[in-house]
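[1] when you get a sec, could you give me coordinates for this:
(one chain, ligands or ions: 1)
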Amino acid sequence: MKYLAEKAWIGDRIEHDVLIEIADGRFTRVQSGARNDEATRLGGVVLPGLSNAHSHAFHRALRGRTHGERGSFWTWRELMYRVAERLDPDGYFRLARAVFGEMALAGITCVGEFHYLHHQPGGRSYDDPNAMGHAVIEAAREAGIRITLLDALYLTSSVDGKPVHGVQRRFSDGSWPAWRERVALLKPGDGVRVGAAYHSVRAVPEDVLEPLDGPVHIHLSEQRAENEACLAVHGCTPTELLRRCGLLGPETTVVHATHLTDSDVAALRGTGVCLCPTTERDLADGIGPARALRRSPLSLGSDSQSVIDLFAEAEALEMHERLATERRGHFAPAELIAAATNHAALGWDDAGRIAVGRRADLVAVRTDSVRTAGAEAEQVIYAARAADVTDVVVDGRHIVSGGRHTGFDVAQALREVIP
Ligand SMILES: [Zn+2]
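    Got it, this is the predicted structure:
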């Protein structure tokens with residue numbers, strides 16, 4: 001397959017008339033200043049595939065339905081639990097397929113699904129103990145995007161070790177060995193990786209928090225209440241607890257990292273940090289110290305799916321910092337694009353750049369829409385929205401063309417599953 005991109009993001013800058021050749025799902029040639037009449041032309045700006053490093057697919061069912069009352073993260077969580085209560089593997093598959101289709105349309109070529117809804121209501125295993133995980137993996141396959149299933153350990157309902165209750169029984173395997181045994185049955189495959197997650201210091205006791213092979217993700221300090229409980233029980237911040245357990249380092253990605261002390265920020269140096277700014281504002285979490293975390297590899301996530309748009313996430317990263325500091329210009333566009341294309345956070349070190357040998361992911365963004373007309377190509381990340389994505393290639397497969405998914409009607413799939 002050959003594409004000719006009018007403008008493409010190569011390395012950390014825009015190049016013109018870039019001939020891109022693909023074989024067996026990898027880039028085999030990337031040449032600027034080329035001419036080629038046989039190649040499929042991609043207009044606008046072509047970016048590397050976007051990586052959605054933190055997602056809970058089923059939260060999409062809550063979009064536009066939680067704003068009728070006041071409240072906090074904790075009242076929103078009650079609404080989320082009501083959705084979690086009623087999903088079965090088939091319903092989960094149909095919902096996740098539609099949501100991953102929406103991600104594909106937004107230029108997301110890989111999703112990190114932070115998966116904790118494992119068991120039947122009441123907590124009993126399904127006949128296939130990974131029925132829910134397999135439903136999510138199959139949904140990503142049908143939507144045409146790669147997935148890292150981050151299977152989450154969830155054992156307690158509070159930092160001081162209270163047992164799970166209500167719908168949380170569906171999340172818990174009962175013990176660390178039972179969780180490992182079940183996760184070992186999940187098999188990686190073409191476009192599928194299996195990673196691990198510790199839900200949070202609320203849901204995982206200190207004595208089982210330990211490093212694992214491969215990427216590990218964990219929610220961290222999204223809420224002040226979590227920090228206060230951790231201080232009361234462990235005498236330290238959640239970040240310090242992770243450090244004590246040997247969990248900080250390049251294999252780990254902490255999610256949110258909103259309420260940190262200066263020493264937390266220093267301790268997180270070199271540990272991945274996934275920020276989810278549109279969720280953090282939707283849930284009134286607060287504004288995290290994104291710029292102070294510059295020595296941590298940053299990634300972005302759509303998390304609660306209040307928006308599925310990594311352009312909006314990247315822009316919000318900068319804009320929230322402006323509101324917090326009353327100054328402009330904290331992140332260069334190249335840094336925002338690096339965060340939005342951080343596939344390494346999901347264990348895919350060979351994706352996220354348009355370069356020979358890498359996985360052939362491309363995202364074409366139109367520059368002639370009402371949103372993007374007139375924007376400089378270098379600053380398109382600030383002007384574009386998911387709706388400006390016209391074409392998406394994942395591992396060499398053209399899954400979005402002319403702004404439409406080639407496999408199914410995504411809007412209809414969403415309407416059917418969230419009536
Ligand atoms: Zn989350």
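
[2] ok, Ser221 - contacts?
    Neighbouring residues of Ser221 by CB atoms under 8 Å, 6 or more residues apart in numbering: Asn227, Thr237, Pro238, Thr239, His256, Ala257, Thr258, His259, Leu260, Asp264. All C-beta spots, glycine's among them, are computed from the backbone N, C-alpha and C.

[3] looking at the residues you listed, which are in helices?
    Asn227, Pro238, Thr239, Asp264 (DSSP state H).

[4] ok, the closest residue to Asp173 other than its chain neighbours - how many residues close by?
    Spatial nearest neighbour of Asp173, chain neighbours left out: Trp179 (4.0 Å); criterion: CB to CB, 6 or more residues apart in numbering. Using other CB atoms under 10 Å, Trp179 is surrounded by 22 other residues.

[5] report the mean per-residue pLDDT for the helix or strand hosting Trp179.
    Per DSSP states H and E, Trp179 falls inside helix 176-184. Averaged across helix 176-184, pLDDT comes to 97.

[6] can you map out the strands along the stretch 1-150 of the chain?
    Counting by DSSP state E, counting those that start in this stretch, the stretch 1-150 of the chain has strands at residues 2-10, 13-23, 26-31, 40-48, 50-55, 108-115, 146-153.

[7] helix, strand, or coil at the residue nearest to Gly144 when sequence neighbours are not counted?
    Excluding its sequence neighbours, the residue lying closest to Gly144 (CB to CB, 6+ apart) is Ile399, at 3.6 Å. Ile399 falls in the strand class when you classify it by DSSP: H, G, I helix; E, B strand; the rest coil.

[8] check Ile399 and give its pLDDT.
    So, for Ile399, pLDDT stands at 98.

[9] next: Arg82.
    At Arg82, pLDDT is 87.

[10] tally of neighbours for it?
    11.

[11] so, low pLDDT: which residues of the chain?
    Along the chain, no part satisfies pLDDT under 70.

[12] switch the cut-off to 90
    36-37, 64-76, 78-85, 187, 213-214, 294, 419 (pLDDT under 90).

[13] in it, which spans are helices?
    Counting by DSSP H, the helices of the chain are 73-86, 89-105, 131-143, 176-184, 224-234, 238-244, 262-267, 277-282, 310-325, 333-340, 380-383, 410-417.

[14] and the ones you listed as a markdown table, adding distance to Asp391?
    Below are the helices of the chain laid out as a markdown table (distance: least, CB to CB, whole Å):
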| stretch | distance to Asp391 |
| --- | --- |
| helix 73-86 | 32 |
| helix 89-105 | 11 |
| helix 131-143 | 16 |
| helix 176-184 | 35 |
| helix 224-234 | 41 |
| helix 238-244 | 40 |
| helix 262-267 | 39 |
| helix 277-282 | 24 |
| helix 310-325 | 15 |
| helix 333-340 | 17 |
| helix 380-383 | 15 |
| helix 410-417 | 15 |
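
[15] the ones you listed: which one's closest to Glu113?
    helix 131-143 (5.5 Å; CB to CB).

[16] CA-only coordinates of the closest one in PDB, if you can.
    The C-alpha trace of helix 131-143 is given here as PDB (Å, rounded to 0.1, in the frame of the first residue of the first chain):
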ATOM      1  CA  ALA A 131     -16.100 -13.800  29.500                       C
ATOM      2  CA  MET A 132     -16.100 -10.000  30.100                       C
ATOM      3  CA  GLY A 133     -12.500  -9.500  29.200                       C
ATOM      4  CA  HIS A 134     -12.900 -11.600  26.000                       C
ATOM      5  CA  ALA A 135     -16.000  -9.500  25.100                       C
ATOM      6  CA  VAL A 136     -13.900  -6.400  25.300                       C
ATOM      7  CA  ILE A 137     -11.000  -7.800  23.300                       C
ATOM      8  CA  GLU A 138     -13.400  -9.000  20.600                       C
ATOM      9  CA  ALA A 139     -15.100  -5.600  20.500                       C
ATOM     10  CA  ALA A 140     -11.700  -3.900  19.800                       C
ATOM     11  CA  ARG A 141     -11.000  -6.500  17.100                       C
ATOM     12  CA  GLU A 142     -14.300  -5.700  15.400                       C
ATOM     13  CA  ALA A 143     -13.700  -2.000  15.700                       C
END
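
[17] nothing else from me, thank you.
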